[in-house]
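can you look at this prediction? I've put the sequence above it.
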Amino acid sequence: MSRVNAAEFASRLCSDFVRRIAERENRAFIVTQFKYPDGDFVSLYIEQNGDAVSVSDLGDTMFKCRMRGVEITDVRRKWIETICGMYGICFEDSIFRKPIASDRTGVDCLAFCEAISKISTLEYDAESRQKAMLPAQLESLIHLQVEPYRIPERNWTHSTFDPKASFPVDYRFNSPGNPTQIFHVASREKSTLVAAVSNFQRVQGIFAPTLSVISPEIELGVHQIDRLQRASTEIKFGVIGNEQRIVEFVLGRKAA
């Protein structure tokens, strides 16, 4: 298996996503802005097999779990496999690996790091499952009460200004009526991404009312809340209890 030039690969990613290029044992890799529970940053190791390119953690995630004394029971392994299935990740010999499509490099790498964050913080445990419920709750609300009136584009990106798909919007409603968009924020890393997407859109002259729905369980700092407020027209903490306001934000009226 050959190696892709890490610097060249990093040039295809959002600058806010890449922290630096590093080297270990004569192997270059990308250090991202995502973090493990111990504060270390998640690293991407790029591999190539023929024309196929993939990224892996090279076993870092499971090593850190073992160092924390986390036992990977059969139940936890099933949760890991479920998360991997959601994000299109292979899990073999304690290594996580995801194929990277040439036209979705940014989105695929972001998905890989989001999955690693969930796995490394044991989001399949009881308390963390509650955080992971936010995207599912929002998806259910939009499907049942919004889609009959406005069809969302999920993980929307601007094909002209963002050909690498590095700045995705969870839900973009383009018609009928003026564009509106929604983000679900279930991690501190996602709050950083929302701010980056907002700044990118402003630079490109893309303006749309934006609602950020934040998981009440995550602990955001003052600066993170401030950045989300600047990035959003409105923020709400949780879906439960805010269903009507979320629907009204998209439709401009109450759903029938």
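Perfect, I can see it now. Numbering: from 1, shown residues only.

flag the shaky bits of the stretch 1-150 of the chain, pLDDT-wise.
Scanning the stretch 1-150 of the chain for pLDDT under 70 picks out 1-4, 122-132.

what does stretch 22-29 contact?
3, 5-7, 21, 30-31, 43-46, 58 (CB atoms under 8 Å, 6 or more residues apart in numbering). Where C-beta positions appear, they are placed from N, C-alpha and C, glycine not excepted.

isn't Q229 right up against I235?
Yes: between Q229 and I235 there is a contact under CB atoms under 8 Å: 6.3 Å.

so between those two, which is more surrounded?
Applying other CB atoms under 10 Å to Q229 and I235 shows that I235 carries more neighbours, namely 17 against 13.

beta partners for that one?
S212 (DSSP bridges).

so what pLDDT did it get?
Listed pLDDT for I235 reads 94.

buried residues, stretch 233-252. List them.
235-239, 242-243, 246-247, 249-251 (16 or more other CB atoms under 10 Å).

start to end distance for that stretch?
Counting by CA to CA, to the nearest Å, you get 14 Å between the two ends of stretch 233-252.

going forward, begin numbering at 668 instead of 1
Fine by me, first position is 668 from now on; the one you just mentioned is stretch 900-919.

now do that stretch: everything it contacts.
801, 804-805, 808-809, 812-813, 816-817, 840, 844, 847, 849, 876-883, 895-896, 921-922.

before we move on, what about stretch 770-784?
For stretch 770-784, contacts defined as CB under 8 Å, 6+ apart pick out 676, 679-681, 684, 699, 701-702, 709, 711, 722, 724, 728, 750-751, 753-756, 763, 765-768, 790, 822, 824, 831-835, 854, 856-857, 860.

so how far is that stretch off the chain centroid?
Relative to its parent chain, stretch 770-784 has a centroid offset of 7 Å by CA atoms, centre = their mean, to the nearest Å.

ok, now stretch 804-822?
On the basis of CA atoms, centre = their mean, stretch 804-822 sits 19 Å off its chain's mean C-alpha point.

wait, what's in contact with the residue lying closest to N845 once chain neighbours are set aside?
Excluding the flanking residues, the one nearest N845 by CB to CB, 6 or more residues apart in numbering is A875, at 7.2 Å. Listed by CB under 8 Å, 6+ apart, the contact set of A875 reads 839, 845-848, 868.

which of those are buried?
839, 846-848, 868.

what's the most distant pair in these?
Spatial extent of the buried ones among the contacts of A875 (CB to CB) is set by the pair T847 and Q868 at 13.0 Å.

just put the buried residues of stretch 900-919 in CSV and tack on distance to M734 and secondary structure.
Listed next are those as CSV, based on distance: CB to CB, whole Å; DSSP: H, G, I helix; E, B strand; the rest coil:
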residue, distance to M734, secondary structure
I902, 36, strand
K903, 37, strand
F904, 33, strand
G905, 33, coil
V906, 35, coil
N909, 39, coil
E910, 41, helix
I913, 40, helix
V914, 45, helix
F916, 43, helix
V917, 44, helix
L918, 49, helix
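
and those, which two are the farthest apart?
F904 and L918 (21.0 Å).

in this structure, which spans are helices?
673-677, 727-734, 741-754, 772-787, 793-808, 855-870, 889-898, 910-918 (DSSP state H).

distance to D718 added to those, as TSV?
Putting the helices of the chain into TSV (distance: least, CB to CB, whole Å) gives the following:
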stretch	distance to D718
helix 673-677	15
helix 727-734	26
helix 741-754	22
helix 772-787	14
helix 793-808	33
helix 855-870	29
helix 889-898	38
helix 910-918	41
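
please identify the most buried of those.
helix 772-787 (a mean of 23; mean count of other CB atoms under 10 Å).
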